[in-house]
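Undergrad: I'll drop the sequence and a predicted model, then ask my questions.
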Amino acid sequence: MTIRSLTPALSVSPQIDPADVVALAASGFRSIVCNRPDGEEAGQPTAATIAAAAEAHGLRFVHIPVMSGGIDEGDVATMARALADLPAPVLAYCRSGARSEQLAGMASARGADGSVAHYDIIVIGGGSAGIATAASILRRRPGVSIAIVEPCADHYYQPGFTMVGGGIFAAEATRRDEAGLIPAGAEWVRGAAASFDPASDRVTLADGRVLGYRALIVCPGLKLDWDAIPGLAGALGADGVTSNYRYDLAPYTDRLVRRFRGGRALFTQPPMPIKCAGAPQKAMYLSCHRWERAGLLGQAEVQFHTATPSLFGVAAYVPALEAYIARYAVDLQLESRLVSIDGPAKVALFEQRRGDAVRRVEERFDMIHVVPPQVAPEFIASSPLAAPSGFVAVDEATLRHSVYANVFALGDVAATTNAKTAAAARKQAPVVALNALAALDGAPPVAAYDGYGSCPLTVEAGKIVLAEFGYGGKLLPTFPKWMIEGTRPSRISWLLKEKILPPVYWHGMLRGREWLAAPAPIGSGA
């Protein structure tokens, strides 16, 4: 019997038998809900059989049978009433547990009478920004009711993907179960947001559920638009076509680099905005360093094609990066945008701006690391919350919506000019936490964000150029120069990236611990 805890009061499992009821009672469960119709498969214990075993061991039992793919509003209302009435903890089961989990999630968004559930705060997105903000809020005000709307069961430490592609981290070290990261006191509403009605303080989910809020925090991230480059989506993961921007492909990058014995390696960067503007070249530097150590760099023809007019957006860091471009003999192609790819033929087509002229150039490759264009999710871009860019329109300092005073946004989805990095979300989360709580109290925003973002540029295994900057490219170093001079490669910065930042993420940021991220009051000039 495999039991998965959804909340302290509710768990789900696959089909159980009468012998399992004994173990459930001994484990402290007080109620059982069967969501499986009788006779679904041969040998399946009937609901009556499980009910008798439950009664014999002092457990309450309810049968709410639902068909796979056939859950209706009546089922949701019945499940909501049962979960409100039954003594907890409750175990719900079906054939695999999936129907029970889906039904429980839908029921959690409704009251016992089937009405729309209301929360003090709804957080759209259970990634880095959403979990960190919810945790920061609950540390300040434990009694506030918070729902985190997130469809995915997996949570990824995305800053680690570069290290996976570089052969430093195992992919598994960058993934954890979302359920284990939901802050105590928050409710995970398993589902995807579909639309917003900010005039009525409502959110509608993809499955039709409607949630009400007093304050809304929007942070679902951005969309990796693989389909924007013809041929790319179907080419990934084969024929030397890879990307560290996907969890399942970063190990393929590592494999390609390890097996490389010479030839042409291309690395691409699309137009801004993208997640971590340094990540496309990080993949290149780590690959080149491995080939250098293996004595293969001389057999490699490396090209870096970036759609941007410069190597990096903050000029102070460019000289150090240019030194590595020279060291690795990289053919740097500025204002060169990937427009299509033919994986089996191993040919990439680039559109290049050269002065006033635009030309198209085909390049063959033995391996190519591609970073896709990145846009706002469609349900954001088509919503009343969107700026002309498609991202959520907010004030850059307070992160409050430009029209709706009880709506906030942070992370990659915010229409702000900071670097879209996990470090930015770490700094933004406490600001939004304070300002959302102020909104609940009917007060104006009290905290300001300075645009801080960090991009640890892995120029070689063991050294990093630690780019830290805010709005307008202002340098915002965390550490004194005698410890880390961010404009030069540093071993201490590598130690920070490899050993320190992952536990800070899992055990600090996602727990609401604001280490080196204390929010600045408005007007403080901090």
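TA: That came in fine, so what should we check first? Numbers count the residues shown, from 1 in each chain.

Undergrad: Got the confidence number for residue 258?
TA: We have a pLDDT of 98 for residue 258.

Undergrad: what about it, is that helix, strand or coil?
TA: Under DSSP: H, G, I helix; E, B strand; the rest coil, residue 258 falls in the helix class.

Undergrad: Please name the residues that touch it.
TA: Applying CB atoms under 8 Å, 6 or more residues apart in numbering to residue 258 gives the contacts 167, 290. Any C-beta I mention is one placed from the backbone N, CA and C, and that applies to glycine too.

Undergrad: That one and residue 290: what is the separation?
TA: Separation of residue 258 from residue 290 (CB to CB, to the nearest Å): 8 Å.

Undergrad: list residues touching both of the two?
TA: Contact criterion CB under 8 Å, 6+ apart; residues shared by residue 258 and residue 290: residue 167.

Undergrad: Dihedrals phi and psi, residue 201?
TA: Dihedral pair for residue 201: phi 60, psi 50, per degrees, to the nearest 10.

Undergrad: Show me the shaky parts of the chain.
TA: Within the chain, the stretches with pLDDT under 70 are 109-115, 525-526.

Undergrad: Show me the domain layout of it.
TA: Using automatic domain parsing, the domain ranges for the chain come out as 4-115, 119-222+376-521, 226-372.

Undergrad: For those domains, state which one has the densest average packing.
TA: Mean neighbours per residue, mean count of other CB atoms under 10 Å, is largest over the domains of the chain for domain 119-222+376-521, with a mean of 20.

Undergrad: how far does it stretch from start to finish?
TA: 27 Å (CA to CA, to the nearest Å).

Undergrad: roughly how far is that domain from the heart of the chain?
TA: Offset of domain 119-222+376-521 from its chain centre (CA atoms, centre = their mean, to the nearest Å): 9 Å.

Undergrad: Surely residue 516 and residue 476 touch.
TA: No: applying CB atoms under 8 Å as the test, residue 516 and residue 476 come out as separate, 11.4 Å apart.

Undergrad: Validate this expectation: residue 261 resides in a helix.
TA: No: assessed with three-state DSSP, residue 261 is coil; it does not lie in a helix.

Undergrad: Check which helices and strands the longest helix along the chain sits against.
TA: Using DSSP state H, we find that the single longest helix of the chain is helix 422-440. Packing partners of helix 422-440 (3 or more CB pairs under 8 Å, 6 or more residues apart in numbering; DSSP states H and E): strand 117-124, helix 128-140, strand 210-218, strand 407-409, strand 447-448, strand 453-460.

Undergrad: Quick one: closest of those to residue 355.
TA: Minimum separation from residue 355 across the helices and strands packed on helix 422-440 (CB to CB) falls at strand 453-460, 29.0 Å.

Undergrad: list the helices and strands the helix or strand following that closest one packs on?
TA: Counting by DSSP states H and E, the element after strand 453-460 in chain order, helix or strand, is strand 463-469. If you count contacts as 3+ CB pairs under 8 Å, 6+ apart, strand 463-469 packs onto strand 453-460, helix 491-495.

Undergrad: Please tabulate these in TSV, including the columns distance to residue 68.
TA: What follows is those, written out as TSV (distance: least, CB to CB, whole Å):
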stretch	distance to residue 68
strand 453-460	44
helix 491-495	49
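
Undergrad: Okay, strands next: where are they in the stretch 201-350 of the chain?
TA: 202-205, 210-218, 223-224, 241-242, 263-269, 300-306, 331-334, 336-342, 347-354 (DSSP state E, counting those that start in this stretch).

Undergrad: Who does the fourth one pair with, and is each partner parallel or antiparallel?
TA: Each strand pairing with strand 241-242, determined using DSSP bridges, is listed with its direction: strand 367-369 (parallel).

Undergrad: And the next helix or strand past the partner strand?
TA: Next along from strand 367-369, by DSSP H and E: strand 374-375.

Undergrad: list the helices and strands that following strand packs on?
TA: Against strand 374-375 (3+ CB pairs under 8 Å, 6+ apart) you get strand 223-224.

Undergrad: Packing partners of the helix or strand hosting residue 79?
TA: Here residue 79 is covered by helix 73-85, with elements defined by DSSP H and E. Applying 3+ CB pairs under 8 Å, 6+ apart, we find helix 73-85 packed against strand 31-34, helix 98-108.

Undergrad: okay, these in a markdown table with distance to residue 309 next?
TA: Shown next, in a markdown table, are those (distance: least, CB to CB, whole Å):
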| stretch | distance to residue 309 |
| --- | --- |
| strand 31-34 | 60 |
| helix 98-108 | 47 |
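
Undergrad: show me what contacts the residue most central in space within the chain?
TA: What sits nearest the mean C-alpha location of the chain, by CA atoms, centre = their mean, is residue 127, with 3.9 Å. By CB under 8 Å, 6+ apart, the contact list for residue 127 reads 150, 155, 156, 219, 220, 221, 411.

Undergrad: The third one reaches residue 245, doesn't it?
TA: No: taking contact to mean CB under 8 Å, the distance of 10.9 Å between residue 156 and residue 245 leaves them out of contact.

Undergrad: ok, the residue of the chain positioned farthest from its centre - contacts?
TA: In the chain, counting by CA atoms, centre = their mean, residue 56 sits farthest out from the average C-alpha position, at 45.7 Å. By CB under 8 Å, 6+ apart, the contact set of residue 56 is residue 21.

Undergrad: just residue 159 next, same as before
TA: In this structure, residue 159 makes contact with 276, 421, 422, 456, 501, 505, judged by CB under 8 Å, 6+ apart.

Undergrad: Next: residue 195.
TA: Contacts for residue 195 (CB under 8 Å, 6+ apart) come out as 203, 204, 379, 383.

Undergrad: Could you tell me how far it is located from residue 263?
TA: From residue 195 to residue 263 the distance is 48 Å (CB to CB).

Undergrad: same check, this time on residue 345
TA: From residue 345 over to residue 263 the distance is 15 Å, taken as CB to CB.
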